[in-house]
Every structure is written in C-alpha cells, then in structure tokens.
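Need a 3D model of the sequence below.
(chains A and B)
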Amino acid sequence: MKIKVAIIGSGNIGTDLMIKIIRLSSSLEMSVLVGINTNSDGLARAARLGIETCATGIDGLVKMPIWKEIKIIFDATSAKAHAYNWEIIKQFPNKKMIDLTPAAIGPYLVPPVNFLENLDVPNLNMVTCGGQATIPIVAAVHQVAKVHYGEIVASIASKSAGPGTRANIDEFTETTSAAIEQVGGADRGKAIIILNPAEPPLVMRDTVFTLSEPADKERIRQSIHDMVKAVQSYVPGYQLHQEVQFEDIPESAPVFIEGLGHRHGLKTTVLLQVRGAGHYLPEYAGNLDIMTSAARATAERIVAEGLCNPN
Amino acid sequence: MKEIKIVDVTLRDGMHAIRHQYANEKIKEIAIALDKAGVDAIEVSHGDGLAGGSFNYGFGAHTDWDWIAGIKDELKHAKLTTLVIPGIATIDDLKKAHELGVESVRIATHCTEADIAPQHIAAAKELGMDVGGFLMMAHMNPPKELAQQALLMEAAGADCVYVTDSAGALLMDGVVDRIKAFKDVLKPETEIGIHCHHNLSLGVANTIVAMQHGANRLDASLTGMGAGAGNAPLEVLVAVLNKMEVKHNADVYQLMDAAEDLVRPLQERPVRVDRETLSLGYAGVYSSFLLHAERAAKKYGLDTRAILEELGKRNMVGGQEDMIVDVALDMAGANK
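Numbering: from 1, shown residues only, chains lettered A, B, ... in the order given. The predicted structure is shown next:
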C-alpha cells in the first residue's frame, strides 16, 4: 500500500515534486497540493491531474477529511512560512515533515551522505538546491582527506528562481554554508549563488572547491566519481562537467581564509552540471530537480525503512 | 543640478588589479590621502564586496574587517563606503561593516536581478546608512528595462541607483540613454550614479556625459586602479571637471600625487588599455575576469583573448569566475 503525502507550496518546487511523485514513485501516493492562491499555475496543474487541492494553506489542509490519512508532508514554501507550518504539524504525532525550505528547523539531510543518521526524526531539512548538488562532493573529499575549507558556487538560470528564493537569498548562503560544515565535514564552509538571465536559459552549474590535507589524488578522484554515481541514482542529470582538477598549495604560498588563517594543502576543484528531468520547468532547472529528487528519495527511504506507520 | 559627489573605488575595485592584496597600512595611507584631497566617499572591501574572499574570486591579504577597521576615525570629510553583492555577502556582513564605521553601502546585482536586493537595501536603511543600488553589467539590459530595475531598488529604499558598466562596454550614447531612462522613471530626489570601466578608453568620457544628463555620483579611482583597464581615472576626471568649471570638492594636484606616489607603484600588471583589457570591453565581458583568465591561459596554454571572447559568447555574468577554468578546459580539450 502506498503512503499518502501532501505538498505545501504550489510554486516551482512544490509543483515539480508533485509531478515526480505521480510519475515516478512506487511507494508514495500524491494526495493534496496545498497553496495560498487559487489562481496559481501549480494548483491548476494539480486539478488537471486529478489531485486534490487546497488554497488555504496549512490551516485548510488540516481540516480536510483526507488529512488523517496523510503520513508525510513536504514543505516547499519559504523558511518563514515553514516555521508557521511546523508549529501546526508538530501537534500531530506520526506525521513526518520533509522541509525543502532553508528554515533548517530539523537536521540537514543530504541523501548519499547522511541518509541514515537522522531519518527517524519528525522534521528533516533538505538544505538548499546548491547544497544538495555540492555537499556530496565535499563529503567525498572528506572521506579521503580532512577538509579544512569547502566552498561552493551555484549558478542557476534566472527563470528557475522563484520569488521565494529571490526574497531570501541570504538564507541560501547561510544554510548552505552551515551544511557544508555539518554534513560535508569541512571546518569552514562558504556558499555563493549567482543568477544568470541568459536566453535560452543555462543549465544549472555547481562548482566545488575544497582545501584539504595533502592526500593521494587518485583516491580523491575515485571517491568523487563514486559519489557522483550515488547522486545519479536519484538525479540522472547530475554529472561531472570536467575531470577533477587538483592544485598543490604549498606552505610557502598559503591562502588566507577568514576564520582559519593561513592554510596550505591540496586544492580540489570539481565542476558539475545538473540537468533537470524537465518535469515542471525545462531541463535547465537542475536546481529544482536536485531538490525535489532528494526530497522524494528521502521520503521513499523513510517508507522503505518502515519508519512510517501506514495506519 | 544636484551636488556632484566623487566616489573613490581605488580600495575596492582596485583590489581586482592586485588580486585583493592591499596591505592594511596601504589602505589607510591611501584613504587618508583621498580624504585630504576632498573626495566625497571612499569604498573599501574585497573587490567582490564584503565576504568576497574565496577560491572563486581570490582570497584577500586581509579580511574585510581588518581593511575597514580604523579607517572611519581617519576621515574628516569622506564617507566610508562598502559593497555588498547579495549571493556573496549577507545582511550579517553588512551589519558588521556598519559596526566598524561604514556609513554608506552599494548593494549590487546583475542588471536584470534587482529583486534579490530589497532585503539588503531595507536592512541598510534600517541601520541608517546611505544606500546606492548598483546595477552591474548595465550594457546587457536596454535603457527602459534597466530603468525598471532601478525602480525596484528605489522602491526598496535606495537613495541612489547606479548605471554600472562592469564590462566597460558602453559607448557614450548607451550611457546617455540609460541615464535618461532613469530620470524618466525615478523620483526627482533619487540620485543617479555612474560607474565606468576604461576598457574602450571611455571611462572619463562616459562619466562626463552621464553627469551632463543628470548623474551626480561619479565613481573613479586613482590611476584608474580597478578591474580590467580600470575605472575612470580619478585625477583625470577631476582635471576635466575643473576645465569644465563644474563645482566639486576635490583637489586635482593632491590626487595626481596620490595616483603616482601611492597607487601606481602597487600595480603588478599595468592597469591600462591593452589587447586583453580592450577585449573585455569589445566582447562585453565582466572586467574582473581579467587576471583569472590570464592565469587560466597560462596554465592551459591558451590565448587570454580567446578565453574572454568565449566567456562573452556563453553569456557569463559577474561572479561566474569558476566558469573561466571550465571554458579553458573545454578549449584545451578541443585543441587536443
């Protein structure tokens, strides 16, 4: 029997996630798409697909007859709205929240890195799109050599950044930086996001730089390639755009990193591309795909691990 | 006409020319000289704004906080200013700069993405700061559309909005049309700023025509110390303003001396129009890419101009320095 899920947020992310669950999931059943605007494209799309909708936010959702059957709720609103949504949902036991906003109320989850550490908590946070694309790589380096510093640059097409993302750009940088440290294993994390308005829109690019202890470059390269395969298992459009680049930073010419001071070691550069599956927005929107795919993979794992009571 | 304000960017844009390696003492020495010479504002930060220090843009010799600390107390006339690029720096960084005495800030976005700046603009206003909106790569957005972006920044509280020609790609008509479009839509009390790069040798000329059409905040730097072929050279701009009998607060001779005695000796790579920097303006590429592209060309055995042109073709915008190595690797692979 499939587990019923609801999605709060009928913008780009919520709508893309809905389509993925309908088309791809064998263990999740898409029950309700929740929005706050009856005219939103997402709610119209849901109605056309025969999915129940609710245009009065979380307050409306909990009054729906189907609410008691819903086991997993995805929040694709904003960090601020999530705080409100969670205050309500946490009063209902046996419901799991998967948070796709940068609110970071629950622990960070990046599927190939820390799937099992935190799976059995009521509220899981999916970091950010840039975090989902890059933290696996930081962790892959960290598995071979201690990472002093991890820096990521996420470049996304302007068309794929909705108003929520735009109004809260600091939350992206702050949440991603924190997760580079907490999940990726770096002593210090830094995140940068760039919006590029080119037409036709450019496919999402992510670049990861790490400064680690000196180590066997071939082992780091292999670890990164293995990690890319692991991410590809749930995001097929995730790939290395170039071979992994290395540069030795000698003790005689260290770099000065705020918070760490002068550091030397091995610089590793990983240039990634994330092509979306084209479910809601076209394939340039890899940032949607990696976020919604990670959330879907997480929910399916929760079900597979028997952490969701079907009754 | 509004009072002309000269904003020096030697200690921010100039960072690009020397890989963000100003020594603390140099920053202080130059800031004091600029203040004495009567410039109205002095911008200090990493070339890519607060928190710009990174593998992507280059780590600074010091943190922004070390560069900024203590400068405010040395200034008698000039306002201490800094730069925030949302996506790189956060409101927390802005607050920290404010605590160190920064009174004015430019909030910068790509010329089509002003709607990522309102939170930062509002936060700066709440701190009581003077705020300029900085629409970078302004040549990539036509005048009317650019003016709509300026309106977003004005609505968020900006006291001034800039036409920022980051690529040094605008011709004089292009500058005039954009300033006129700003005047058409912005409130009369909102100031208009102009920030040029000298890649097509139009740094001063573009600044002057902008002023003649209503811009009153004029960016410039000693010797032009800035990304690419540099900015409008400050001492030259002031000499021209004197010849035009435009009222301002700066002293041309003191600026000439500061340019030659303090700034030019710091340049590792001359800041000038040459094959590479001209290529930036000609291809419409972000001036800060220059040294990164030169490094990549050397490492991968390529031509800098070819890399810059390819970056232009791929529509790369400010901040995408990581794509320089990506382009170089593509080109090196194709050459094999």
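
phi, psi of A:Phe209?
Torsion angles at A:Phe209 (phi, psi; degrees, to the nearest 10) stand at phi -120, psi 130.

And it, how far from A:Ala154?
For A:Phe209, the distance to A:Ala154 (CB to CB, to the nearest Å) stands at 13 Å. Placement of C-beta: from N, CA and C, glycine included.

Could you do A:Ser252 as well?
33 Å.

between the two, which one's more packed in?
A:Ala154 (31 against 6; other CB atoms under 10 Å in any protein chain shown).

mind checking pLDDT for that one?
Looking at A:Ala154, its pLDDT stands at 97.

and B:Ile107, how many neighbours?
29.

measure it to chain A for me?
11 Å (CB to the nearest CB, to the nearest Å).

and the gap between the residue nearest to B:Ser287 when sequence neighbours are not counted and B:Ile307?
Counting by CB to CB, 6 or more residues apart in numbering or on different chains, the nearest residue to B:Ser287 once its immediate chain neighbours are dropped is B:Gly228, at 3.0 Å. Going from B:Gly228 to B:Ile307 by CB to CB gives 14 Å.

Looking at those two, which is more packed in?
Of the pair B:Gly228 and B:Ile307, B:Gly228 is the one with more neighbours under other CB under 10 Å, namely 33 against 26.

Can you verify my assumption that that one contacts B:Leu291?
No: under the criterion of CB atoms under 8 Å, B:Gly228 is not in contact with B:Leu291, lying 9.6 Å apart.

what about the closest residue to chain B within the stretch 1-150 of chain A, how many neighbours?
In the stretch 1-150 of chain A, the residue that lies nearest chain B is A:Tyr149 (8.2 Å; CB to the nearest CB). A:Tyr149 sits with 27 neighbouring residues when counted by other CB under 10 Å.

My guess is it contacts A:Asp187. True?
Yes: counting by CB under 8 Å, A:Tyr149 touches A:Asp187, with 6.6 Å between them.

shared neighbours of the two, anything?
Shared contacts of A:Tyr149 and A:Asp187, defined by CB atoms under 8 Å, 6 or more residues apart in numbering or on different chains, are found at A:Leu260.

just to revisit the earlier point, who touches both of B:Gly228 and B:Leu291?
With CB under 8 Å, 6+ apart, B:Gly228 and B:Leu291 have common neighbours B:His16.

residues in contact with whichever residue of the stretch 101-250 of chain B sits closest to chain A?
Residue of the stretch 101-250 of chain B nearest chain A, by CB to the nearest CB: B:Thr112 (4.4 Å). Applying CB under 8 Å, 6+ apart, we find B:Thr112 in contact with A:158, A:197, B:140-141, B:145, B:149.

Which helix or strand contains it?
Per DSSP states H and E: B:Thr112 is located in neither a helix nor a strand.

what pLDDT does it get?
pLDDT, B:Thr112: 98.

quick one: it and A:Val270, what's the gap?
For B:Thr112, the distance to A:Val270 - CB to CB - is 28 Å.

confidence score at the residue nearest to B:Ser287?
98.

And the strands in the stretch 201-311 of chain A, which stretches?
With DSSP state E, counting those that start in this stretch as the criterion, the stretch 201-311 of chain A has strands at A:204-212, A:238-240, A:245-249, A:255-257, A:261-263, A:265-274.

Check the stretch 201-336 of chain B too.
B:217-220.

which bits of it sit near chain A?
B:314-317, B:319-320, B:322-323, B:325-326, B:329-330 (CB under 8 Å from any CB of the partner chain).

could you redo the last one with a cut-off of 10 Å?
B:299, B:314-323, B:325-326, B:328-330, B:332-333 (CB under 10 Å from any CB of the partner chain).

Which of those fall within helices?
The members of those that map onto helices under DSSP state H are B:299, B:322-323, B:325-326, B:328-330, B:332-333.

Go ahead and build a PyMOL selection from the buried members of these.
To isolate the buried members of those in PyMOL, using 16 or more other CB atoms under 10 Å in any protein chain shown:
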select buried, chain B and resi 322+323+325+326+328+329+330
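
And the ones in helices among the residues of the stretch 201-336 of chain B next to chain A, which is closest to chain A?
Looking across those and measuring by CB to the nearest CB, the closest to chain A is B:Asp322, at 3.8 Å.

Quick check: the gap between that closest one and A:Val5.
For B:Asp322, the distance to A:Val5 - CB to CB - is 36 Å.

Do you have the helices of the stretch 201-336 of chain B handy? List them.
B:203-212, B:234-243, B:252-257, B:275-283, B:289-300, B:304-313, B:322-335 (DSSP state H, counting those that start in this stretch).

Now do the fifth one: distance to the chain's middle.
So that's helix B:289-300. From the chain centre to the centre of helix B:289-300 is a distance of 21 Å (CA atoms, centre = their mean, to the nearest Å).

which secondary structure elements does the helix or strand of chain B with the lowest mean pLDDT contact?
Ranked by mean pLDDT, DSSP states H and E, the helix or strand of chain B with the weakest confidence is helix B:322-335, at a mean of 94. Contacts defined by 3 or more CB pairs under 10 Å, 6 or more residues apart in numbering or on different chains; DSSP states H and E place helix B:322-335 against strand A:147-157, strand A:188-196, strand A:204-212, strand A:245-249, strand A:265-274, helix B:289-300, helix B:304-313.

For A:Asn118, give its distance to A:Asp99.
From A:Asn118 to A:Asp99 the distance is 12 Å (CB to CB).

Provide a list of residues in contact with the residue nearest to B:Ser287.
B:Gly228 makes contact with B:13, B:16-17, B:166-168, B:197-199, B:203, B:271-273, B:276-281, B:285-291, B:308, according to CB atoms under 10 Å, 6 or more residues apart in numbering or on different chains.

In three-state terms, how would the spatially closest residue to B:Glu74 that is not a sequence neighbour be classified?
In this structure, B:Glu74 finds its nearest non-sequential neighbour in B:Ile32, 5.2 Å apart by CB to CB, 6+ apart. What DSSP: H, G, I helix; E, B strand; the rest coil gives for B:Ile32 is helix.

Skip the chain neighbours and tell me the closest residue to the residue in the stretch 51-200 of chain A positioned nearest to chain B.
Here the stretch 51-200 of chain A gets closest to chain B at one residue, A:Ala198, 3.6 Å apart by CB to the nearest CB. Leaving aside its sequence neighbours, A:Ala198 sits nearest to B:Asn315 (CB to CB, 6+ apart; 3.6 Å).

neighbours around that neighbour, how many?
Residues near B:Asn315, counting by other CB under 10 Å: 16.

Phi, psi for it please.
Here B:Asn315 shows phi and psi, under degrees, to the nearest 10, equal to phi 60, psi 40.

Same check on A:Lys2?
phi -70, psi 150.

Now it. Nearest residue, chain neighbours left out?
Nearest one to A:Lys2, counting by CB to CB, 6+ apart, is A:Glu29 at 3.8 Å.
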